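[1] Give me a 3D structure for the following:
(chains A and B)
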Amino acid sequence: GAVVSQHPSRVICKSGTSVKIECRSLDFQATTMFWYRQFPKQSLMLMATSNEGSKATYEQGVEKDKFLINHASLTLSTLTVTSAHPEDSSFYICSARGGGLGEKLFFGSGTQLSVL
Amino acid sequence: RKEVEQDPGPFNVPEGATVAFNCTYSNSASQSFFWYRQDCRKEPKLLMSVYSSGNEDGRFTAQLNRASQYISLLIRDSKLSDSATYLCVVNMENYGQNFVFGPGTRLSVLP
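    Okay, the predicted model is just below:
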């Protein structure tokens, strides 16, 4: 099946710093990528949808200036958490679709962000 | 009302048991449906798509009832390795909403 690589898997940072998370589709061209956040014992919450070459569409309540998403190519999308605060600590997961693979979503392995 | 609702769980069942999960969705325009499983702090993995005619994959059977806006997942002869959280996912892409995940139902299969 299609592979989506997400890095880093875990990051610990100080409050006020920015953290970049990468999501790559390794063997297909991802026309659309999704970014989710998941708090403990809760379900995935969609943050934003990004299409290659265009601006991301953010879900209601998600600050676009805080969570910067760039989908510069068909195989790479990045999420940057700017000026991170402890309340941003969460599990962030990307998913991708495209490449003639229909509706199926392929997920990255997730990034556990801990902001001290 | 939430867009996708699931049995709250957790379900604790012995090995070999049969267990069923229910899911309801609020938007009648929803176009496609899936079951994913997620292990703790891991990414969700597609278990199966759900079709109107119902579909089966080994010990897993999924059913869809569009009239009642209801989806189910049946697991027969449960294994310890089936322990996970099961997520009901509804795609409403044609109506401006991408994949919407239910809150999940936690299953623990006990030896």
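
[2] What residues does the residue of chain A found nearest chain B make contact with?
    With C-beta to the nearest C-beta as the measure, A:Phe107 is the residue of chain A nearest to chain B, at 3.8 Å. Heads up, the C-betas are built off the backbone N, CA and C, glycines and all. A:Phe107 sits next to A:Val4, A:Ile93, A:Cys94, A:Ser95, B:Glu43, B:Pro44, B:Lys45 when contact means C-beta atoms under 8 Å, 6 or more residues apart in numbering or on different chains.

[3] Tell me the secondary structure at the fourth one.
    Using DSSP: H, G, I helix; E, B strand; the rest coil, the structure places A:Ser95 in strand.

[4] For it, which residues are in contact?
    A:Val4, A:Met33, A:Phe34, A:Tyr36, A:Leu105, A:Phe106, A:Phe107, A:Gly108.

[5] Of these, select the buried ones using a PyMOL command.
    Buried subset of the contacts of A:Ser95, written as a PyMOL selection, criterion 16 or more other C-beta atoms under 10 Å in any protein chain shown:
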select buried, chain A and resi 4+33+34+36+105+106+107+108
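
[6] can I get the contacts of A:Ser95 in JSON lines with pLDDT and distance to A:Asn70?
    Output for the contacts of A:Ser95, formatted as JSON lines (pLDDT from 0 to 100; distance: C-beta to C-beta, whole Å):
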{"residue": "A:Val4", "pLDDT": "93", "distance to A:Asn70": "16"}
{"residue": "A:Met33", "pLDDT": "91", "distance to A:Asn70": "10"}
{"residue": "A:Phe34", "pLDDT": "93", "distance to A:Asn70": "14"}
{"residue": "A:Tyr36", "pLDDT": "94", "distance to A:Asn70": "17"}
{"residue": "A:Leu105", "pLDDT": "84", "distance to A:Asn70": "20"}
{"residue": "A:Phe106", "pLDDT": "88", "distance to A:Asn70": "19"}
{"residue": "A:Phe107", "pLDDT": "92", "distance to A:Asn70": "19"}
{"residue": "A:Gly108", "pLDDT": "94", "distance to A:Asn70": "15"}
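
[7] Of the contacts of A:Ser95, which belong to strands?
    Counting by DSSP state E, the contacts of A:Ser95 place A:Val4, A:Met33, A:Phe34, A:Tyr36, A:Phe106, A:Phe107 in strands.

[8] Which of the three states applies to the closest residue to B:Phe11 other than its chain neighbours?
    Nearest residue to B:Phe11 in three dimensions, chain neighbours excluded: B:Leu107, at 4.9 Å (C-beta to C-beta, 6 or more residues apart in numbering or on different chains). The local conformation at B:Leu107, judged by three-state DSSP, is strand.

[9] Please tell me how far the residue of chain A closest to chain B sits from B:Gln63.
    25 Å (C-beta to C-beta, to the nearest Å).

[10] So what pairs up with residue 24 in the strands?
    Using chain A. A:Ser5, A:Leu76 (DSSP bridges).

[11] that's the wrong chain, I meant chain B
    B:Glu5, B:Tyr70.

[12] Based on its surroundings, how many neighbours for it?
    B:Thr24: 20 surrounding residues under other C-beta atoms under 10 Å in any protein chain shown.

[13] Quickly note the distance from B:Gly104 to chain A.
    Separation of B:Gly104 from chain A (C-beta to the nearest C-beta, to the nearest Å) stands at 5 Å.

[14] I am finished for the moment; much appreciated.
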